[in-house]
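Student: generate coordinates for the sequence data below:
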Amino acid sequence: QVQLVESGGGLVQPGGSLRLSCAASGFPFSTYIMSWYRQAPGKERELVARIISVGGGTNYADSVKGRFTISRDNAKNTVYLQMNSLKPEDTAVYYCNTRSLGRDYWGQGTQVTVSS
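Tutor: Here you go, the predicted structure:
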């Protein structure tokens, strides 16, 4: 079965950096689009970044462009989110996502808190 396990969240000061990881299993990872979403308290879940399977093309939410970088290591079945120049408004639970046959799969989420 599809499993997604996020790690790497934590508390960081404004301007700091974190790298999130998502270890995937149960599906042919290299052929799947992978995404990071986030959900802040009282807000809807939103797409942060996405990386396609072939060629590694990416797209980002406007709010994170130039600060966040999504990447993947198909040999390790892992997708990453490098987050730089973090702001308090980046505080949220971050979720790894993939979709198969019209169904969304989610990890358990990892908390990112940006605060001084």
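
Student: quick check: the residue nearest to the spatial centre of the chain vs Ala92, distance?
Tutor: The chain has Trp36 as the residue nearest its centroid, 2.8 Å off, counting by C-alpha atoms, centre = their mean. Noted for Trp36: a distance of 10 Å to Ala92, by C-beta to C-beta, to the nearest Å. For glycine as for every other residue, the C-beta is placed from the backbone atoms N, C-alpha and C.

Student: and for Leu47?
Tutor: For Leu47, the distance to Ala92 - C-beta to C-beta - is 12 Å.

Student: quick one: which of those two has more around it?
Tutor: Ala92 (22 against 14; other C-beta atoms under 10 Å).

Student: for stretch 63-73, how far is the first residue from the last?
Tutor: End-to-end distance of stretch 63-73 (C-alpha to C-alpha, to the nearest Å): 25 Å.

Student: buried ones in it?
Tutor: Val64, Phe68, Thr69, Ile70, Arg72 (16 or more other C-beta atoms under 10 Å).

Student: tell me which residues touch the second one, please.
Tutor: Phe68 makes contacts with Val48, Ala49, Tyr60, Leu81, Gln82, Met83, Asn84, as judged by C-beta atoms under 8 Å, 6 or more residues apart in numbering.

Student: again, only this time at 10 Å
Tutor: 20, 36, 48-49, 58, 60-61, 81-86, 90 (C-beta atoms under 10 Å, 6 or more residues apart in numbering).

Student: now do the strands in the protein.
Tutor: Ranges of strands in the chain, per DSSP state E, are 3-7, 10-12, 18-25, 34-39, 46-51, 58-60, 68-73, 78-83, 92-100, 103-106, 110-114.

Student: need these in CSV (columns: mean pLDDT).
Tutor: Below are the strands of the chain laid out as CSV (pLDDT from 0 to 100):
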stretch, mean pLDDT
strand 3-7, 97
strand 10-12, 98
strand 18-25, 98
strand 34-39, 98
strand 46-51, 98
strand 58-60, 97
strand 68-73, 96
strand 78-83, 98
strand 92-100, 96
strand 103-106, 96
strand 110-114, 98
